[in-house]
Structures are given as C-alpha cells and as structure tokens.
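1. sharing a sequence plus its predicted fold:
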Amino acid sequence: MTTEHPMTEHPSIARFRTEHANRGGTGNIVILPDSVHTAALAAQALGCEVGAIANSLLFDAGGAPVLILTSGAHRVDTALVAERIGVGSLKRAKPEFVREHTGQVIGGVSPIAHPAPVPTYLDPWLRRYDVVWAAAGHPAAVFSTTYDELVALTGATPVDVE
C-alpha cells in the first residue's frame, strides 16, 4: 500500500513507485515535508531509531557501481567491504557517477528502479528492525519495508559493513 501522490510527483519518485509495485513491494511510500539529508534527520522525521534507516550508498569499484544498503547506525569500512565482496577497492562515487548508474541523486538513491541492475549488498544489522525505511528515488521520499522484503526486492547479498 502506498500513500496518495499528486499529479506533479517528481519523475524519480514515480519511477520508484512503479518499480516498487512491479516487484511486489508492500510498504508505504512517504513524501516528507522537507528533504532529510542524514539518517538521523530521517529517523527523527519518521519517529524511528537511526539504525532502522537503510542508507543506499553507491560506490565506485574501479568504474563499476556497487550499492551498499547499510544501517544508519553504521559507517561502511570500504577496505573491509571491498575485500569481503571481492573488488579491488570501493571509492566514494561522484554525483555524476551516482546519477549515471541510478538515475537518482545522492541522498535519494533507492535500492531499486535504476537504469540497469547494480550489484547490491545489504547490512545484516537491519534484520533487527521490524520496519526499515529506505529512500524512494528522491531526497524527500522514503518507503517502509522489511529486511526480508529488501532482499526480495533487490536480490542483495548480506555483508557486514564494519
């Protein structure tokens, strides 16, 4: 079930909404009144713990995109994760790289609805929460889900990020 959306909905939210429905997503899509730029601000706006926010972080692995969905309570140890997933290195992606590979902007990258599939990894810490919140294609849009549904929606591989 999703919230009502206006006719003027941002195109990346609309793309997310369509992909979410096509993949059988069951959570609510919420458009927050103001853009939330950190997991802490998102948690405050949603009334949940910061750890229940699934940050979608796109990294550059030697020119190839890698998406890591991590709990807002964690920071990704890029050297450790690169080793765990078998890539040479993970570097912070530049805004142009993020837009090219996700069709979205930093702060609003959703786990799905990208122009082409992106290898995705999921922080197992998120299992601790009955409800997890993730970006829905725009910095002001989020959706509710569960750890198991995130795995089903994304095909993500669990990886410890710290």
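-> Received the coordinates, thanks. The model shown is predicted, which means the values in this text are computed figures rather than measured ones. Numbers count the residues shown, from 1 in each chain.
2. what ranges do the strands span in the protein?
-> For the chain, the strands defined by DSSP state E occupy 29-31, 53-61, 64-71, 91-92, 120-122, 132-135, 141-145, 157-158.
3. just the helices in this structure please.
-> 11-22, 39-46, 78-85, 95-102, 147-154 (DSSP state H).
4. run through this structure and note the low-pLDDT ranges.
-> 1-8, 33-36 (pLDDT under 70).
5. what residue lies at the spatial centre of it?
-> In the chain, the centroid-proximal residue (Cα atoms, centre = their mean) is residue 56; its distance is 3.1 Å.
6. excluding chain neighbours, what is closest to that residue?
-> Spatial nearest neighbour of residue 56, excluding adjacent residues (Cβ to Cβ, 6 or more residues apart in numbering): residue 109 at 4.2 Å. For glycine as for every other residue, the C-beta is placed from the backbone atoms N, C-alpha and C.
7. since we're on the one you found, how many residues are nearby?
-> Applying other Cβ atoms under 10 Å, we find 29 residues neighbouring residue 109.
8. surely it meets residue 102?
-> Yes: counting by Cβ atoms under 8 Å, residue 109 touches residue 102, with 5.1 Å between them.
9. intersection of neighbour lists for these two?
-> With contacts defined as Cβ atoms under 8 Å, 6 or more residues apart in numbering, the residues shared by residue 109 and residue 102 are 58, 67.
10. residues in contact with residue 12?
-> Taking Cβ under 8 Å, 6+ apart, one finds 103-105, 108, 113, 137-138 in contact with residue 12.
11. typo on my end, residue 73
-> 39, 49-51, 125.
12. change it to 6 Å
-> 50-51 (Cβ atoms under 6 Å, 6 or more residues apart in numbering).
13. phi, psi of it?
-> With angles defined as degrees, to the nearest 10, residue 73 sits at phi -80, psi -10.
14. state the distance from it to residue 131.
-> 15 Å (Cβ to Cβ, to the nearest Å).
15. again, but for residue 10
-> 24 Å.
16. so what's the closest residue to residue 125 other than its chain neighbours bridging to?
-> Once flanking residues are discounted, residue 125 sits nearest to residue 71: 4.3 Å by Cβ to Cβ, 6+ apart. On the basis of DSSP bridges, residue 71 is bridged to residue 54.
17. please report how far the residue lying closest to residue 61 once chain neighbours are set aside lies from residue 60.
-> The shortest distance from residue 61 to any non-neighbouring residue, by Cβ to Cβ, 6+ apart, is to residue 87 (4.1 Å). Here the criterion is Cβ to Cβ. By it, residue 87 lies 10 Å from residue 60.
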